[in-house]
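Asker: After the sequence you'll find the predicted model.
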Amino acid sequence: MHPSLISLATVSILIFTCAFLYPKFYDMNAVKLMYITVPTKELGATIARSLVQDKLAACVNMMSGGVESYYLWEGKLETGTEHVLFVKTVAQSVESVVRRTKELHPYDTPAILSLDVNGGDSQFLDWIKANTGEGTATGLPQDPSNENESGVKR
C-alpha cells in the first residue's frame with residue numbers, strides 16, 4: 001500500500017474519533033470556566049463589567065480578598081497579592097475574553113486559563129450558554145416572574 005494512502009486512512013480515523021467519540025472538542029458552545037488574576041479590585045471590576053456587558057461572559061466572580069502569588073519572572077522569584085476572576089463563558093468566546101483581558105491588563109503576560117466544564121446543573125449550564133456569545137441571539141425561554149435580574153430563580 002502506498003504510504004500516502006496509509007496517512008490518509010490514519011487521518012480519517014483520527015477525525016472520526018475526535019468528531020464522534022469526543023464531540024466536546026468541536027462544540028463551540030461548550031461551557032468554559034476561565035481563571036484570570038488581576039493586581040487590583042478596581043481592574044477586576046473593570047474587566048468583569050466589560051466581559052459581561054459585551055456578552056463575552058454570562059457571569060464573572062471576583063475573589064477580592066486577595067491571594068498571595070509566588071512566581072518566577074525574568075529569572076527572579078517574585079511575590080504579590082492578586083485578585084482572582086472566575087469567568088463563566090463558552091468555547092467560542094474564549095479567545096475574545098483573552099483578547100479583551102490583555103487589552104485592559106497591565107501585565108505583559110497575565111494569568112489567563114480556560115478550563116473545561118465537564119458537568120454541573122444543566123439549567124445553570126444552559127443559562128451560561130444563553131447569555132454568552134451567539135447563545136444570546138436565540139437565548140432560552142425565560143419566565144421573568146420566576147427569576148431575579150441576574151437570571152437566578154427566586
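Answerer: Yes, it's here. Numbering: from 1, shown residues only.
Asker: Flag the shaky bits of this structure, pLDDT-wise.
Answerer: 1-26, 134-154 (pLDDT under 70).
Asker: how about the helices of it, start to end?
Answerer: 3-16, 41-53, 94-104, 122-130, 135-138 (DSSP state H).
Asker: Find the residue closest to Ile47 in space, skipping its chain neighbours.
Answerer: In space, and not counting its chain neighbours, Ile47 is closest to Leu104: 5.4 Å by Cβ to Cβ, 6 or more residues apart in numbering. C-betas here are computed from N, CA, C, even on glycine.
Asker: The one you found against Thr46, yeah?
Answerer: Yes: at 6.1 Å, Leu104 and Thr46 qualify as touching, with contact defined as Cβ atoms under 8 Å.
Asker: circling back: check the gap between the residue nearest to Ile47 and Pro110 for me.
Answerer: 9 Å (Cβ to Cβ, to the nearest Å).
Asker: Have a look at the two and say which one is more surrounded.
Answerer: Pro110 (17 against 13; other Cβ atoms under 10 Å).
Asker: pretty sure the more buried one is touching Lys102, no?
Answerer: Yes: assessed by Cβ under 8 Å, Pro110 is found in contact with Lys102 at 6.4 Å.
Asker: mind listing what the residue nearest to Ile47 touches?
Answerer: 43, 46-47, 50 (Cβ atoms under 8 Å, 6 or more residues apart in numbering).
Asker: Mark which of those are buried, thanks.
Answerer: 43, 47, 50 (16 or more other Cβ atoms under 10 Å).
Asker: With distance to Asn29 added, can I get these in CSV?
Answerer: Shown next, in CSV, are the buried ones among the contacts of Leu104 (distance: Cβ to Cβ, whole Å):
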residue, distance to Asn29
Leu43, 29
Ile47, 23
Ser50, 22
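Asker: out of those residues, who's nearest Asp116?
Answerer: Ile47 (21.7 Å; Cβ to Cβ).
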